[in-house]
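Participant: Any chance you can model this:
(one chain, ligands or ions: 1)
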Amino acid sequence: MPFRDNIIRVQAPAHKTERSLKFCIDFLLPVGTPVVAACSGTVIACQDRYKRSYKDPKFAVRRNFVVINHNNGESSVYVHLRYRSIRVKKGQKVKQGQVIALSGRVGFATYPHLHFGVYRGEYQKGGVSVQIAFNKEIGPERPLHLAEALGKYL
Ligand SMILES: [Zn+2]
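Facilitator: Residues are numbered from 1 along each chain as shown. This next block holds a predicted model:
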């Protein structure tokens, strides 16, 4: 899991249609929830320079994120992180469960959430979005409007 407590798993329509996001999952999380490395590995990219959220997908690049390379040829990505919350650096080794940042709603995010994806190969270098196997049960997917409504209170 990319964090300690599973809140609500959200259905994001873009994930179904966009091949590069196909198996990514959005978790509705209160801003400031610790985000942890889902598996051990090495941080290969970080971006922590944006502060706000946007309703227009054209600002999707204005996001804060961490990418971790794992030893099995896969990488994981954690997106929409809170400004100045990233606690790791490129090249740093991280252990499974280690806090890497805090969740936020930065970038193209109409509600506070963590966008989490696993890629075969390197994310940003032709990696392919793959189905994520969790070691504990995760709740059913909920519709986006629920996340947007609840997001006001998070
Ligand atoms: Zn997402």
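Participant: Walking through the chain, point out its helices one by one.
Facilitator: 13-17, 144-151 (DSSP state H).
Participant: of all of this protein, which residue lies closest to the ion?
Facilitator: Proximity of the chain to the ion (Cβ to the ion) peaks at H115, 3.3 Å away. The way it works is simple: take the backbone N, C-alpha and C, and place the C-beta from them, glycine included.
Participant: nearest residue to that residue other than its sequence neighbours?
Facilitator: Counting by Cβ to Cβ, 6 or more residues apart in numbering, H115 lies nearest to V79, which is 3.9 Å off, once chain neighbours are set aside.
Participant: ok, now which ones touch that neighbour?
Facilitator: By Cβ atoms under 8 Å, 6 or more residues apart in numbering, the contact set of V79 is R63, N64, F65, G107, L114, H115, F116, G117.
Participant: With V77 instead?
Facilitator: Here V77 is in contact with C24, F65, V66, V67, I68, H115, F116, G117, V118, Y119, Y123 (Cβ under 8 Å, 6+ apart).
Participant: Write out the residues of the chain neighbouring the ion.
Facilitator: A12, D26, H115 (Cβ under 5 Å from the ion).
Participant: Is it correct that the last one is in contact with F23?
Facilitator: No: with the criterion set as Cβ atoms under 8 Å, H115 and F23 do not qualify as a contacting pair; they are 11.7 Å apart.
Participant: who's more crowded, these two?
Facilitator: H115 (25 against 15; other Cβ atoms under 10 Å).
Participant: For that one, name its beta-bridge partners.
Facilitator: Note on H115: beta-bridge partners D26, V79, judged by DSSP bridges.
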